[in-house]
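1. whatever this is, show me its structure:
(2 chains)
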Amino acid sequence: MIIRKIQIENYLCYYGISTFELSEGLNIILGENGEGKTKFFEAIDWLFNGENSQLDKLVSAKKLEETELGDSFRVSVTMIVEQYGLKNIITKSFQAKKDKSNECSASIFHVEGIEENSLGERNQVDGIQLLDRIFPFQIRKYSMFKGEAELNIFNNEYALLNLINLFSDAKHYDKYTEKGAYLRKNAEKAVEDSSKMDKKNELLYKNLEREIILLEENKSKCNDVLNEIEAEIKAIEINLQDAENHVNNADALDILNKRIKELENKISYLNGRIDENYTTHLFDENWILVDFEDVHKIYTEKISFFSKKRREMQTEFDKQIGVKEGEKKAIQELLNKSIPLPIGTPSKAHMEEMLNDEICKVCNREAKKGSDAYEYMVERLNVYLQSQIANDIKTEDNKPLFQYNYLNRLENYSMSHEDNLKNIRILRSKINELFEFNANRKQDIEILKAQLELEQSERSKILGDSSKSEEGLKSTLSSYNTWQNNLRTQNEKSIKLNSSLKNFETEIKLKRAEKDKIDLNSANSFFVRTRNILRDIETIFSDTKEKKFDEFIEKLQIKSNNFFKKINIDAFTGSIIFKRSIKGNNTIVDVNLHEEGRVFYRPNQSLLTSMHISILFAISELASEIKEENFPMIFDAPTSSFGESKTAQFLNLVYETKNQKILLLKDFIQRDESKVLFIKKEFEMIKRDKAFWVKLERPFDVNNLKTINSQVITI
Amino acid sequence: MAKKDEILKSFLTHELLESKYELDKDSLPKTVRDALNSDITIIRTLALIIEGLDGSSPVTDSVLRNQVTQYLNEAI
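-> I've put the predicted structure just below:
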């Protein structure tokens, strides 16, 4: 069966007639939220399942607005279907009459069916019957899915049983197991009645029956407790698995906290080792003298120069002193032969006056220039003056050339500095070493800080990703250990109960064998043989039913996992497991994800969606095989949790599947800088048979439904 | 193949027929019609039940029981 066309008329946001000409394979309908995608889905859902109530709420507000008061218009959804090469048309419609400016009343709806025969002749038929015939209700139930949540058709434990009844041979065998049990029970009763006829066995027989009943009761109780324990084990396993993420987080957090502490300590230690008190070093450690040697060299050269110069000067001075000493001695020798006048009589001034006046005022005689007297006075003056020079020399004799010997001190300094030079010479390397050390430590700190930042960001990530706080994580870690202990205890109980069950079964078997022995001896052999055959027949019936059931489950499991692996390519490595079990008198099927041999209880939404879609595709494929017909599947936003890349992968997989699929997606649509919607280039790469874009006609007023009309654009 | 024949075929593959009744799988009937003429008690009983449940005119429980018991009474 293929839906060839969907026509929507004046239905909610679809004003006028909107047509979707669909293809046989994959049909993709793109649309931004609120632009008509889901209304398309709802229109089909209304056609299939809609009730005859509140129809006035389904009309296009835009159509209602432009309709004159008192006038009517048609609201309809039409599906044109092809089945076995013949065309069928199903239309659901009603009339809306405008009563007030914004209100209308609606007629009841009609479902019209038009059937086309091989000659192309059309016959009007009952639309609902036609729909149920071409697209049975039970199949429609597994054909339309709105959102990711609806994909989980196994939300109740009998859902899969319904499916099996729909698609599996197992349903044919139900009546056989039922009749087999009925026949066997009657045969058992006939044997028992016959055995009881033999009075000597009556008491023994009754006792055996009582014991068997008692054992059956105990076995049933044991089974109930075992079921409870297994339910508890499952609950603990769920808790443990749930906690495992947190436990891993708690462990990781613990390790990270330790590493962070260690890094902080290292950074603090290295910071402490960095010595940047350079001012102190400049003076206390004499760093200021780092270039002192050159200064010292100039200094010593100068000292040496001045020392030499001083000695030369001193020698010359001493020499002069010696000469003057000699002269002085000579003068003194000369003076020793005459007696000079007392000093001051006449004085130098008087002598010069007398020479000037050319008169000797000592003896009051004229002493003209050139006269002996005059010459005598000149000679006396000179002698006097010479005597005065001798006195001067004597005065200077006591004064040393260098009153203070600074050079000596400077030389001492020089020698002292010379001794310290070896300390000064290593200053440069000391400074370099300290600078290098500090730089290296700073580099180390930078590296450690980068590591610290990484660890801190990892820590924030863990705390951010985790739904639990740091304290909560610690508490989970503690609960985790308790649950593990509980799990161990419950598993031990389960082993014991299973063993008890086996014991009960063995005992029941023994008692029945004992009873059978009595039957063999006491009952009519015909009854016994009949019973034995009917027992075997019952076994054949129930085993065959189980086998058929298991075959279907296995087939579904294989098909589901084929799809699942394709959807989750390069991702999750586990698989979908269907497990049959007995609950009360019913067979139920659990569907779970298994990874590394254990149930994966808390898969993320994307994984769950993949699982559900895989099973649905498998069911669809099985339905095609069993019913020898394909049925369409319609999904509204089935892959919200996938992300665009996985959605693209998923669509390419869907394209490869056989039956018709209609997918409504909000992916691959973007807005440009002017907020105008456009379809992304990536969509060109998506394999599909047909694609549409539903978008609201622009401009429109978001607050006014009367301006809303969804356009259908074939891409 | 008719549904009832398919059902018979699935019952006849049960290992009990080989292990307990020592029947050769290749010599087993392929149709309910053939099985109703079989000399092997369990095969014919099975066929009677299938015919009673999936045959052209399904029978009630008591009728089925009578048919089976009556046949077994004659056969064993």
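
2. pull the number of nearby residues for the nearest residue to A:Ala373 once chain neighbours are set aside.
-> Nearest residue to A:Ala373, sequence neighbours excluded (Cβ to Cβ, 6 or more residues apart in numbering or on different chains): A:Ala367, at 3.4 Å. For every residue, glycine as well, the C-beta is placed using N, CA and C. Neighbourhood size, A:Ala367 [other Cβ atoms under 10 Å in any protein chain shown]: 21.

3. and A:Ala367, what does it touch?
-> Residues in contact with A:Ala367 (Cβ atoms under 8 Å, 6 or more residues apart in numbering or on different chains) are A:Met354, A:Glu358, A:Ile359, A:Cys360, A:Ala373, A:Tyr374, A:Tyr376, A:Met377.

4. let's see 6 Å
-> A:Glu358, A:Cys360, A:Ala373, A:Tyr374 (Cβ atoms under 6 Å, 6 or more residues apart in numbering or on different chains).

5. got phi/psi on it?
-> phi -140, psi 80 (degrees, to the nearest 10).

6. same thing with the one 3 residues further on?
-> Note on A:Gly370: its backbone torsions stand at phi 90, psi -20 [degrees, to the nearest 10].

7. also A:Glu148?
-> phi -70, psi -30.

8. how about A:Leu30?
-> The phi/psi pair for A:Leu30 (degrees, to the nearest 10) reads phi -90, psi 150.

9. quick one: average pLDDT of stretch A:275-289?
-> Averaged across stretch A:275-289, pLDDT comes to 90.

10. just to revisit the earlier point, the residue nearest to A:Ala373 and chain B, how far apart?
-> A:Ala367 sits 184 Å away from chain B, going by Cβ to the nearest Cβ, to the nearest Å.

11. got the confidence number for A:Leu151?
-> pLDDT, read off for A:Leu151, is 75.

12. which residue is the nearest non-sequential neighbour of it?
-> Residue nearest to A:Leu151 in three dimensions, not counting chain neighbours: A:His612, with 3.7 Å by Cβ to Cβ, 6+ apart.

13. please report how far that neighbour lies from chain B.
-> In terms of Cβ to the nearest Cβ, A:His612 sits 31 Å off from chain B.

14. how many other residues sit next to that residue?
-> By other Cβ under 10 Å, neighbour count at A:His612 equals 23.

15. what's the mean pLDDT across the helix or strand hosting it?
-> A:His612 is part of helix A:605-627 when elements are defined by DSSP states H and E. The pLDDT scores in helix A:605-627 average 82.

16. now do the phi/psi pair for the nearest residue to A:Asn423 once chain neighbours are set aside.
-> Once flanking residues are discounted, A:Asn423 sits nearest to A:Asn286: 7.5 Å by Cβ to Cβ, 6+ apart. Dihedral pair for A:Asn286: phi 60, psi 30, per degrees, to the nearest 10.

17. A:Asn286 - how many residues pack around it?
-> Neighbours around A:Asn286, by other Cβ under 10 Å: 15.

18. just B:Asp34 next, same as before
-> Count around B:Asp34 with other Cβ under 10 Å applied: 14.

19. which bits of chain B sit near chain A?
-> Counting by Cβ under 6 Å from any Cβ of the partner chain, chain B comes close to chain A at B:Ser10, B:Phe11, B:His14, B:Leu16, B:Ile42, B:Leu53, B:Asp61, B:Arg65, B:Leu72, B:Ile76.

20. per-residue pLDDT, the residue lying closest to the third one once chain neighbours are set aside?
-> In this case it means B:His14. Closest residue to B:His14 apart from its sequence neighbours, by Cβ to Cβ, 6+ apart: A:Ile540 at 4.5 Å. For A:Ile540, the pLDDT comes out at 97.

21. so where is the stretch 151-300 of chain A shaky, pLDDT-wise?
-> The stretch 151-300 of chain A contains residues with pLDDT under 70 at A:154-160, A:245.

22. show me what from it comes close to chain B.
-> A:Lys175, A:Tyr182, A:Asn186.

23. now these in TSV, with secondary structure?
-> Formatted as TSV, those follow (DSSP: H, G, I helix; E, B strand; the rest coil):
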residue	secondary structure
A:Lys175	helix
A:Tyr182	helix
A:Asn186	helix
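
24. where exactly do the helices run in chain B?
-> B:3-12, B:15-19, B:32-35, B:41-54, B:61-75 (DSSP state H).

25. would CSV of those helices with mean pLDDT and distance to A:Lys565 be doable?
-> Formatted as CSV, the helices of chain B follow (pLDDT from 0 to 100; distance: least, Cβ to Cβ, whole Å):
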stretch, mean pLDDT, distance to A:Lys565
helix B:3-12, 93, 31
helix B:15-19, 94, 34
helix B:32-35, 95, 42
helix B:41-54, 95, 39
helix B:61-75, 92, 47
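
26. deepest of the ones you listed, which one?
-> helix B:41-54 (a mean of 22; mean count of other Cβ atoms under 10 Å in any protein chain shown).

27. tell me which residues are up against stretch A:237-247.
-> For stretch A:237-247, using Cβ under 6 Å, 6+ apart, the contacting residues are A:Lys468, A:Leu473, A:Thr476, A:Leu477, A:Tyr480, A:Trp483, A:Tyr601, A:Arg602.

28. now it: how far from the chain's centre is it?
-> Remark: stretch A:237-247 is offset 19 Å from the chain centroid, using Cα atoms, centre = their mean, to the nearest Å.

29. and what of stretch A:489-507?
-> 45 Å.

30. next one: stretch A:685-698
-> Worked out by Cα atoms, centre = their mean, stretch A:685-698 lies 33 Å from the chain centre.

31. again with stretch A:83-92
-> So, by Cα atoms, centre = their mean, the centroid of stretch A:83-92 is 51 Å from its chain's centroid.

32. buried residues in that stretch, which are they?
-> Neighbour-count burial for stretch A:83-92, counted by 16 or more other Cβ atoms under 10 Å in any protein chain shown, picks out A:Gln83, A:Lys87, A:Asn88, A:Ile89, A:Ile90, A:Thr91, A:Lys92.

33. please flag which of those sit within strands.
-> Judged by DSSP state E, the subset of the buried residues of stretch A:83-92 located in strands is A:Gln83, A:Lys87, A:Asn88, A:Ile89, A:Ile90, A:Thr91, A:Lys92.

34. give me the beta-bridge partners of the closest residue in space to the third one that isn't next to it in sequence?
-> This means A:Asn88. Closest residue to A:Asn88 apart from its sequence neighbours, by Cβ to Cβ, 6+ apart: A:Val81 at 4.7 Å. Applying DSSP bridges to A:Val81 yields these beta-bridge partners: A:Ile3, A:Asn88.

35. and A:Val81, what is it in contact with?
-> Here A:Val81 is in contact with A:Met1, A:Ile3, A:Asn88, A:Ile134 (criterion: Cβ under 6 Å, 6+ apart).

36. residue contacts, the third one?
-> This means A:Asn88. A:Asn88 touches A:Val81, A:Glu115, A:Leu130, A:Ile134, counting by Cβ under 6 Å, 6+ apart.

37. how about 8 Å then?
-> Counted by Cβ under 8 Å, 6+ apart, A:Asn88 has contacts A:Ile80, A:Val81, A:Glu82, A:Gly113, A:Ile114, A:Glu115, A:Glu116, A:Leu130, A:Ile134.

38. same question for the last one.
-> Applying Cβ under 8 Å, 6+ apart to A:Ile134 gives the contacts A:Met1, A:Val81, A:Gln83, A:Asn88.

39. tell me the one of these nearest A:Ile331?
-> A:Met1 (158.5 Å; Cβ to Cβ).

40. okay, the nearest residue to that closest one once chain neighbours are set aside: pLDDT?
-> Using Cβ to Cβ, 6+ apart and skipping the chain neighbours, the partner closest in space to A:Met1 is A:Gln83 (4.7 Å). At A:Gln83, the model reports a pLDDT of 88.
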